[in-house]
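Asker: sequence first, predicted coordinates after that:
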Amino acid sequence: MLNHSEKHLLLFKEEDGICTLTLNRPDTRNALSSKLLHELQNTFEIIASDKTIKVIILAGNGPMFSSGHDLKEIKRDNSYSKMHALFNQCSKMMITMQQLPQPIIAKVHGSALAAGCQLMCNCDLAISTKTANFALPGSSIGLFCSSPAVAVSRVASPKHTMEMLLLGEPFDADDALRFGLINRAVSEEKLDATVKNYAKKIANHSSLIISMGKNAFYKQINLDLDSAYAFTSEIMAKNLQEYDAHEGIDAFLEKRSPKWRGR
């Protein structure tokens, strides 16, 4: 589907319904250049319509997950129009990720900094090494991490998010767990196996039901309580009209493995 050449900014690998996308700018610590954001956007749009892909793993090549926006690129032309276009491009890509039918798991090693931390938090799940570190360091270089804060503040509390934003200092995996940024922190030796285990478990579920559920989760989370319950009650009723819901319930009652139709 996509070019696998290591000369490309984004590497693609698919196996058993699990797609691994690897940021491939190790020389820049996987800085999110405009070209890399473009590659991610195009790839996510292609994957969205691919019914064979059930789960996405997002990883980074080289010493870290991602250092955030490419400051050298920004330095070359930081006019308002250019910067507004860049941050809108990044925001569009983040929104596309959340709208994908497939869940995305961030596989984090080294560091996830600034927009790299935003990228990680924008994934549905995040698993890191115990030695990984995280930061929203913009305040220390005069560029407050306002857009990264959108994703971070949706998984961490306002107080923890502001701590990261105001201090700009790195924090470790224990803090990331405590803040709610990641699901698990494991040894470097166990990172691949842990992420694959999560992905395989998700891939074993109905891709249709998972996509319905992911979509509903992000829609309800910003609704008031009454609206959220009204919306999710409607979604669950619709869910029960699907073949896979009947198959899943029958399989459970009959003590057998379900045979999903999927998306």
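Answerer: Ah, there it is.

Asker: how about the helices in the protein?
Answerer: 34-48, 71-76, 80-99, 115-122, 146-152, 158-167, 173-179, 191-203, 207-220, 225-239, 243-253 (DSSP state H).

Asker: the last one to helix 225-239, inter-axis angle?
Answerer: Orientation of helix 243-253 against helix 225-239 (axes from the mean of the first three to the mean of the last three C-alpha atoms, to 10 degrees) gives an angle of 80 degrees.

Asker: one step back: deepest of the helices of the chain, which one?
Answerer: Greatest average neighbour count among the helices of the chain goes to helix 115-122 (a mean of 28), per mean count of other C-beta atoms under 10 Å. Every C-beta, even on glycine, is put in place using the N, C-alpha and C of the backbone.

Asker: name the helices or strands packed onto that one?
Answerer: helix 80-99, strand 104-108, strand 133-135, helix 146-152 (3 or more C-beta pairs under 8 Å, 6 or more residues apart in numbering; DSSP states H and E).

Asker: between the helices of the chain, which gets nearest to Leu21?
Answerer: Nearest to Leu21 among the helices of the chain is helix 34-48; the distance by C-beta to C-beta comes to 6.4 Å.

Asker: ok, now which ones touch the most centrally placed residue in the chain?
Answerer: The residue lying closest to the centre of the chain (C-alpha atoms, centre = their mean) is Cys123, at 1.7 Å. Contact analysis of Cys123 by C-beta atoms under 8 Å, 6 or more residues apart in numbering lists Leu58, Met97, Ile104, Ile105, Ala106.

Asker: who's in contact with the first one?
Answerer: So that's Leu58. Shown in contact with Leu58 (C-beta under 8 Å, 6+ apart): Thr20, Leu21, Leu23, Ile104, Ile105, Ala106, Lys107, Leu119, Cys123.

Asker: just to revisit the earlier point, mind putting the helices of the chain into JSON lines with mean pLDDT?
Answerer: As requested, the helices of the chain are exported to JSON lines (pLDDT from 0 to 100):
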{"stretch": "helix 34-48", "mean pLDDT": "97"}
{"stretch": "helix 71-76", "mean pLDDT": "96"}
{"stretch": "helix 80-99", "mean pLDDT": "97"}
{"stretch": "helix 115-122", "mean pLDDT": "98"}
{"stretch": "helix 146-152", "mean pLDDT": "97"}
{"stretch": "helix 158-167", "mean pLDDT": "97"}
{"stretch": "helix 173-179", "mean pLDDT": "97"}
{"stretch": "helix 191-203", "mean pLDDT": "98"}
{"stretch": "helix 207-220", "mean pLDDT": "97"}
{"stretch": "helix 225-239", "mean pLDDT": "97"}
{"stretch": "helix 243-253", "mean pLDDT": "97"}
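
Asker: and those as TSV, adding distance to Pro137?
Answerer: TSV is the format used below for these (distance: least, C-beta to C-beta, whole Å):
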stretch	distance to Pro137
helix 34-48	20
helix 71-76	11
helix 80-99	17
helix 115-122	9
helix 146-152	10
helix 158-167	9
helix 173-179	15
helix 191-203	24
helix 207-220	27
helix 225-239	35
helix 243-253	45
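
Asker: ok, which of these comes nearest Leu136?
Answerer: With C-beta to C-beta, the closest approach to Leu136 among the helices of the chain belongs to helix 158-167: 4.4 Å.

Asker: for that closest one, packing partners?
Answerer: For helix 158-167, the packing partners by 3+ C-beta pairs under 8 Å, 6+ apart come out as helix 146-152, helix 173-179.

Asker: pipe the ones you listed into CSV and attach distance to Ala251 per row.
Answerer: Shown next, in CSV, are the helices and strands packed on helix 158-167 (distance: least, C-beta to C-beta, whole Å):
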stretch, distance to Ala251
helix 146-152, 36
helix 173-179, 35
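
Asker: among those helices, which comes closest to Lys82?
Answerer: Taking C-beta to C-beta, helix 146-152 is the member of the helices and strands packed on helix 158-167 nearest to Lys82, at 15.2 Å.

Asker: tally of neighbours for Arg256?
Answerer: Using other C-beta atoms under 10 Å, Arg256 has 9 other residues around it.
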